[in-house]
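# return atomic coordinates for the entry below.
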Amino acid sequence: MGISSKLQVISVLLVGLLALEAVSYNFNYGDAMDKTLLFFEAQRSGKLPPNQRVKWRGDSGLKDGFLQGVNLVGGYYDAGDHVKFGLPMAYSLTMLGWSVVDYRKEIADLNQMGNTLAAIKWGTDYFIKAHTQPNVLWAQVGDGDSDHYCWERAEDMTTPRTAYKLDPSHPGSDLAGEAAAALAAASLAFKPYDSSYSNLLLVHAKQLFSFADTFRGLYDDSIPNAQAFYTSSGYSDELLWAAAWLYRATYDEYYLKYVVDNAVSLGGTGWAVKEFSWDNKYAGVQILLTKILLDGAGGSYTPTLKQYQAKADYFTCACLQKNDGYNVALTPGGLIYVREWNNLQYASSAAFLLAMYSDYLSEKKIVLTCPEGQVQPSDVLSFAKSQADYILGKNPKAISYLVGYGQNYPIHVHHRGASIAPISVLHTAVSCIEGFETWYRRPQANPNIIHGALLGGPSKTDDFSDDRSNYEQTEPTLSGSAPLIGLFVKLQSLSGYPGSYRHTSPTPYQKPPASYHPQPSTPYYKAPGSSNYKAPGAPVTFLHSIISTWTIGPTTYYKHRVVVKNTSQKQITNLKLIIENLSGSLWGLSPCPEKNTYELPQWIKILKPGSELTFVYVQGGAQAKVSIKSYH
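Numbers count the residues shown, from 1 in each chain. As a prediction, this is how the structure comes out:
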C-alpha cells in the first residue's frame with residue numbers, strides 16, 4: 001500500500017473515531033424510572049392486585065408462613081430466584097423511602113407517586129406482618145439451597161417455603177436494624193398521604209430498633225441458611241443507620257444522642273469507606289448525619305457530627321478519584337467497580353448517595369476540599385450521572401444494562417419467571433428438571449421482558465456476556481434496582497423534558513420444535529454491530545444487530561437479533577418476510593412453503609402501530625438479508 005493510500009485509511013479512521021466521540025446521549029431518565037418500578041411489580045410475591053402492570057406474573061407464595069402459624073404472604077422475591085431475603089429487601093425499601101422523602105415534588109411531577117408508594121407499601125406491609133411481636137421478626141422465607149437447585153416459575157413453586165425468624169435467643173441486629181430504618185423512612189414517605197399508616201410504620205420501626213439494639217448478634221449466625229447468599233459483615237452500621245432514620249422521622253433527641261454516643265464504638269466516625277450497599281451503610285449514615293449538621297440542627301453534638309462529615313467527604317472524594325490514591329476502583333469505561341458478582345448494585349447505590357449529597361452541598365453552597373483539589377456539588381452530581389449513563393448505554397459495549405430500556409439490552413436474563421413462558425401461554429406447570437432442560441439452556445431470548453431489571457453488569461474490564469448461565473452478570477436484584485428510582489428522578493428533573501412511558505411488548509414464546517434439543521450455551525459476547533433500515537414506502541423497519549459471537553475451529557458464528565417494528569399508522573396483518581442468505585437456525589418466525597419465506601407466529605395475528613417483535617438466528621459469515629414479501 002502506498003503512502004497516499006495509508007494516509008487515506010488513517011483519515012477515514014480518524015473521522016470514524018471523531019464520529020463516535022460526537023455521539024449524543026439524550027437519556028430519558030423518566031422512562032428508565034418507570035421501567036424500574038415495573039421491575040418491583042415483576043418481583044412481587046403473594047396475591048397480585050387488579051392494577052398489576054406486569055401481566056406475565058401471577059399469584060404465588062400464597063401459603064408462605066402457614067406451616068409456622070404466621071401469615072408471611074407478600075413481599076418481594078430477591079433476584080432471579082424465589083427466596084424472600086429480609087436484609088436486601090429491607091435495604092431496598094429504605095432506598096425507595098429515601099427517594100420519596102427527598103424527591104417528593106420531582107416524583108409527583110412525573111405522576112409516579114402512586115406507583116412509588118405502592119412499591120414501598122408492598123414491602124412494608126410484609127414487614128409489618130413479619131414483625132409479629134416486639135422482639136420477633138420473621139427474616140426469610142424460602143430455602144436458598146433447594147431454591148437454587150430448581151428452575152421454575154414462582155406460580156409453579158414446589159421448593160420448600162421454610163420460614164426463619166429472629167428473636168432474643170436468635171438475634172439479628174443487622175436485619176432488624178435495617179427493617180427499622182426502612183419503616184422509619186417509609187413513615188416519612190407516607191406522612192403527607194396516610195398519617196395513620198405512617199404512624200403504624202413508626203411504631204414498628206421503634207420496636208425493631210429496640211430489639212436490634214437490646215439483643216445484639218448477626219442475623220446469619222441465627223439463620224445459617226442465609227450465609228451462602230447474603231452474609232453480613234457486621235451490625236454496627238445498621239444500628240447507627242436505624243437511629244439516624246428514626247431521628248429524621250421523629251426529631252426525638254434520643255436517636256441523635258445515640259449516633260453521637262456510639263459514634264466511636266459502632267464505627268460511625270472511625271470507618272472511612274469506599275462502598276455503600278445492602279451490607280455496608282456507613283457512607284449512608286455519614287451523609288445522612290451530615291445533612292443534620294448542614295441544616296444547623298447539630299447543637300451540642302456538632303463536633304461529633306463534623307467527624308461524620310469528614311468520613312462522608314472521604315467517600316465522595318474517593319468516588320471522584322481525588323482521594324490521594326485511596327480511590328474507588330473504576331473500569332476503563334468509568335464504572336465504579338467493587339466486586340465481580342453483581343457489580344452494578346454498588347455503582348447504583350453509590351450514584352444514588354452522591355446525587356443526594358450533591359443536593360445537600362448545593363443547598364448550602366459548600367465546596368468540598370479533597371486531598372487532590374476542590375470539588376463542586378455539580379462535580380459530585382456529574383459523577384453520579386456518569387454512572388447512570390453507563391447503565392443506560394453510554395459504555396464500551398453500547399448496551400443498556402437496564403432491561404427493556406433502549407434498543408439494545410440483554411435478552412438472556414438470569415431470571416426464572418422471565419425465562420419461562422407465562423401461564424397465560426403455557427398452561428401446564430413447569431417442573432424443576434424441565435425448567436433447566438427446556439428453558440434455562442435454550443439459546444432463544446427470554447419469552448418475557450423483565451422491564452427495569454438492573455443486571456449484574458460487566459466485568460472490571462467492561463466485558464459482558466449475555467448468557468443466562470452467567471448469573472454474576474445477567475441476574476437482577478432488588479438492592480441493585482432500588483437506588484435507581486431516586487437517581488433517575490433527580491436526573492430527569494434536570495433534563496428539561498417529561499418522561500415517556502411506552503413499554504415494549506414482550507417477544508411471544510414460540511414452542512421449540514419436537515426435534516429441538518437444548519444444549520448448554522457457552523458464555524460469549526462481542527460489541528454489537530447494528531443497522532436500522534427501512535425500504536421506501538414500507539410499513540416496518542428492521543433493526544439488525546449482532547448480540548454475540550464465538551468461534552469453533554476455523555468458523556466464527558454470530559447470533560443476530562432482528563427487531564421488526566410497525567412504523568406506520570395502521571395495523572398490519574399477514575406480514576410475510578423473505579430472508580435470503582440464511583445458513584443457520586432461526587427462532588421467532590414460522591416458515592412458509594415458499595422458499596426463503598417466513599411469517600409471524602400463529603398467535604400473532606396483528607402487528608399494531610408502534611408495536612414490534614423480535615426474531616433471532618445464528619450462522620457463520622455475513623448476515624442474512626431481510627425484506628418484505630407481502631402484507632395487508
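# and the strands in the stretch 51-200 of the chain?
84-85, 137-141, 163-166 (DSSP state E, counting those that start in this stretch).
# of the ones you listed, which is nearest K394?
strand 84-85 (31.5 Å; CB to CB). (Each C-beta comes from the backbone N, C-alpha and C, glycine too.)
# so how far is that closest one from its chain's centroid?
16 Å (CA atoms, centre = their mean, to the nearest Å).
# again, but for stretch 271-286
The answer for stretch 271-286 is 19 Å, by CA atoms, centre = their mean.
# pLDDT of that stretch, averaged?
Averaged across stretch 271-286, pLDDT comes to 97.
# can you get me the start-to-end distance on that stretch?
10 Å (CA to CA, to the nearest Å).
# ok, now which ones touch Q68?
W138, A163, K165 (CB atoms under 8 Å, 6 or more residues apart in numbering).
# burial check on A445, number of neighbours?
26 (other CB atoms under 10 Å).
# if we can go back for a sec, tabulate the strands of the stretch 51-200 of the chain (JSON lines), appending distance to F383 and mean pLDDT.
Output for those, formatted as JSON lines (distance: least, CB to CB, whole Å; pLDDT from 0 to 100):
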{"stretch": "strand 84-85", "distance to F383": "30", "mean pLDDT": "96"}
{"stretch": "strand 137-141", "distance to F383": "35", "mean pLDDT": "97"}
{"stretch": "strand 163-166", "distance to F383": "38", "mean pLDDT": "96"}
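# before we move on, back to that, out of the contacts of Q68, which is most surrounded?
That'd be W138 among the contacts of Q68, by other CB under 10 Å, with 25 neighbours.
# picking up where we left off before, the strands of the stretch 51-200 of the chain into TSV, with extra columns for distance to Q571?
Converted to TSV, those look like this (distance: least, CB to CB, whole Å):
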stretch	distance to Q571
strand 84-85	42
strand 137-141	45
strand 163-166	49
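# ok, back up a step: ok, the contacts of Q68 vs H427, which is closest?
A163 (29.9 Å).
# who touches that closest one in this structure?
D64, G65, L67, Q68, V70, L72, W138, Q140, V141.
# the same query, at a cut-off of 7 Å, please.
With contacts defined as CB atoms under 7 Å, 6 or more residues apart in numbering, A163 is in contact with D64, G65, Q68, L72, W138, V141.
# got a list of contacts for stretch 479-495?
Against stretch 479-495 from outside (CB under 7 Å, 6+ apart): 29-30, 32-33, 36-37, 39, 88, 91-92, 95-96, 98-99, 102-103, 106-107, 110, 116, 278, 342, 344-345, 348-349, 351-352, 355, 384-385, 388, 452-454, 499.
# swap that for stretch 240-254, please
177, 180-181, 184-185, 187-188, 202, 205-206, 209, 212, 255-256, 258-259, 262, 266, 268, 281, 284-285, 288-289.
# with stretch 289-299 instead?
By CB under 7 Å, 6+ apart, stretch 289-299 touches A244, V259, T302, L305, K306, Y308, Q309, A312, Y360, K364.
# the residues you listed: which two are farthest apart?
V259 and K364 (20.5 Å).
# quick one on the thing from earlier: out of the strands of the stretch 51-200 of the chain, which is closest to S469?
Nearest to S469, of the strands of the stretch 51-200 of the chain and by CB to CB, is strand 84-85 at 21.8 Å.
# direction included, what does the closest one pair against?
strand 137-141 (antiparallel) (DSSP bridges).
# contacts for the partner strand, please.
So strand 137-141 is contacted by 64-65, 70, 72, 83-86, 130-132, 161, 163-166, 172, 175-176, 179, 208, 211, 219, 223, 226 (CB under 7 Å, 6+ apart).
# closest to D462 out of the contacts of A163?
V141 (36.7 Å).
# and the closest one, bridged to which residues?
K84, A163.
# what count of nearby residues applies to it?
27.
# now the strands for the stretch 451-600 of the chain?
Under DSSP E, counting those that start in this stretch, the stretch 451-600 of the chain gives strands at 530-533, 540-552, 555-566, 572-573, 576-580, 585-587, 590-591, 597-599.
# and the ones you listed, which one is worst for confidence?
Checking each of those, the one with the poorest mean pLDDT is strand 530-533, at a mean of 44.
# the residue nearest to T567 when sequence neighbours are not counted - how many residues pack around it?
Take T567 and drop its neighbours on the chain: the residue closest to it by CB to CB, 6 or more residues apart in numbering is T541, 5.2 Å away. A count of neighbours around T541, defined by other CB under 10 Å, yields 16.
# now stretch 617-631, how far from the centre of its chain.
On CA atoms, centre = their mean, the centre of stretch 617-631 falls 34 Å from the chain's centre.
# how about low-confidence regions in the stretch 201-350 of the chain?
Of all residues in the stretch 201-350 of the chain, none has pLDDT under 70.
# ok, 90 please
225-228, 340-341 (pLDDT under 90).
# and the helices in it, which stretches?
Ranges of helices in the stretch 201-350 of the chain, per DSSP state H, counting those that start in this stretch, are 219-222, 236-250, 253-261, 282-294, 302-319, 344-363.
# as CSV, those with mean neighbour count would be great.
Output for the helices of the stretch 201-350 of the chain, formatted as CSV (neighbours: other CB atoms under 10 Å):
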stretch, mean neighbour count
helix 219-222, 20
helix 236-250, 27
helix 253-261, 19
helix 282-294, 25
helix 302-319, 21
helix 344-363, 25
